[in-house]
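In: Sequence first, predicted coordinates after that:
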Amino acid sequence: MGLCVLVAEDNVMQADLLGKYLRAEGYEVRLVHDGRTALDEVRRDPPDLLLLDVMMPKVNGLDVVRVLRDETAIPVLMLTARSTEDDLLHGLDAGADDYVVKPYSPRELMARVRTLLRRVQRSSAGSTSITIGDLHVDADRHEVRVRGAGVECTASELRLLHTMAASPGRVFSRSQLLGALHGLDAFITARTVDAHVMNLRKKIEVQPRKPAYLLTVHGVGYKIVDGSGA
């Protein structure tokens, strides 16, 4: 069976259209029309990707993401009619991996879907486990551990962390990290990377304001070091 996408969109016609696009790409599709049902469906039978509208009845999309991030690391692509940068960053802060602003082109949407699902499609590839000091990142298992304790990360957070951990000490610019996240840079900004880095520090650092692993190189970007302070 192919990869499964759960579409949570309260507009029935729009949901049906999204289902048509996704099936044309070869994905299995399930449709729901409110946030509560979306939560129930993810818990009943987790999809490979959740395509989630922000404005929905019963439970809105942002709250759906916040609840799910305590339970699962499945990729979440949010659909939003809100176009300001701060509104979009709220979605990333809540735990979404990416967003598409309405109205969107089918080609853009499918490109975003394919990008997020590459993590799932690579699950049978060779090991991508990396250990730096007390930080362990395993992309295949979607697993991050710090000092032996598990850390829940979104797909985008894991991709950023793994990209930098694969080259410890190397400084990555924001544009390079945007490329690692999406392979696209026309619809996202450097602040997207900053939001993910801030969230990662809260998860992997003892003192997020004084990071030991994920360091800022002012005027350039970010890098991963072994956390020893050396």
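Out: The structure has been received and is ready for your questions. Residues are numbered from 1 along each chain as shown.

In: how about the helices in this structure?
Out: Remark: helices assigned in the chain by DSSP state H are 12-24, 35-44, 61-68, 85-94, 106-121, 155-165, 174-182, 190-204.

In: Now render the ones you listed as CSV, adding mean pLDDT, distance to residue 6 and mean neighbour count.
Out: Placement of C-beta: from N, CA and C, glycine included. Below are these laid out as CSV (pLDDT from 0 to 100; distance: least, C-beta to C-beta, whole Å; neighbours: other C-beta atoms under 10 Å):
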stretch, mean pLDDT, distance to residue 6, mean neighbour count
helix 12-24, 94, 10, 15
helix 35-44, 93, 6, 18
helix 61-68, 88, 11, 22
helix 85-94, 68, 17, 18
helix 106-121, 79, 12, 17
helix 155-165, 85, 15, 24
helix 174-182, 74, 21, 18
helix 190-204, 88, 23, 19
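
In: Pipe the ones you listed into a markdown table and attach distance to residue 5 per row.
Out: Formatted as a markdown table, those follow (distance: least, C-beta to C-beta, whole Å):
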| stretch | distance to residue 5 |
| --- | --- |
| helix 12-24 | 5 |
| helix 35-44 | 11 |
| helix 61-68 | 15 |
| helix 85-94 | 18 |
| helix 106-121 | 7 |
| helix 155-165 | 14 |
| helix 174-182 | 17 |
| helix 190-204 | 22 |
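
In: Work out the gap between stretch 51-69 and the centre of the chain.
Out: Distance of stretch 51-69 from the chain centroid (C-alpha atoms, centre = their mean, to the nearest Å) equals 15 Å.

In: what does stretch 12-20 give?
Out: 23 Å.

In: Take that stretch, keep the C-alpha atoms, and write them as CSV.
Out: Taking C-alpha atoms only, stretch 12-20 is exported to CSV below (Å, rounded to 0.1, in the frame of the first residue of the first chain):
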residue,chain,number,x,y,z
VAL,A,12,-16.0,19.8,1.6
MET,A,13,-15.4,20.9,-2.0
GLN,A,14,-11.8,22.0,-1.3
ALA,A,15,-11.2,18.7,0.6
ASP,A,16,-12.4,16.7,-2.4
LEU,A,17,-10.2,18.7,-4.7
LEU,A,18,-7.1,18.1,-2.5
GLY,A,19,-8.0,14.4,-2.5
LYS,A,20,-8.0,14.5,-6.3
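
In: who wins for proximity to residue 149 among the helices of the chain?
Out: Residue 149 sits nearest to helix 190-204 of all the helices of the chain, at 9.8 Å, using C-beta to C-beta.

In: residues in contact with that closest one?
Out: 85, 89, 92-93, 135, 144, 146, 151-154, 156-157, 160-161, 174-175, 177-178, 181, 208, 211, 213-214, 216, 222 (C-beta atoms under 8 Å, 6 or more residues apart in numbering).

In: quick one, which of the helices of the chain is nearest to residue 77?
Out: Going by C-beta to C-beta, the one of the helices of the chain nearest residue 77 is helix 106-121, 5.8 Å.

In: Thank you kindly, that will do.
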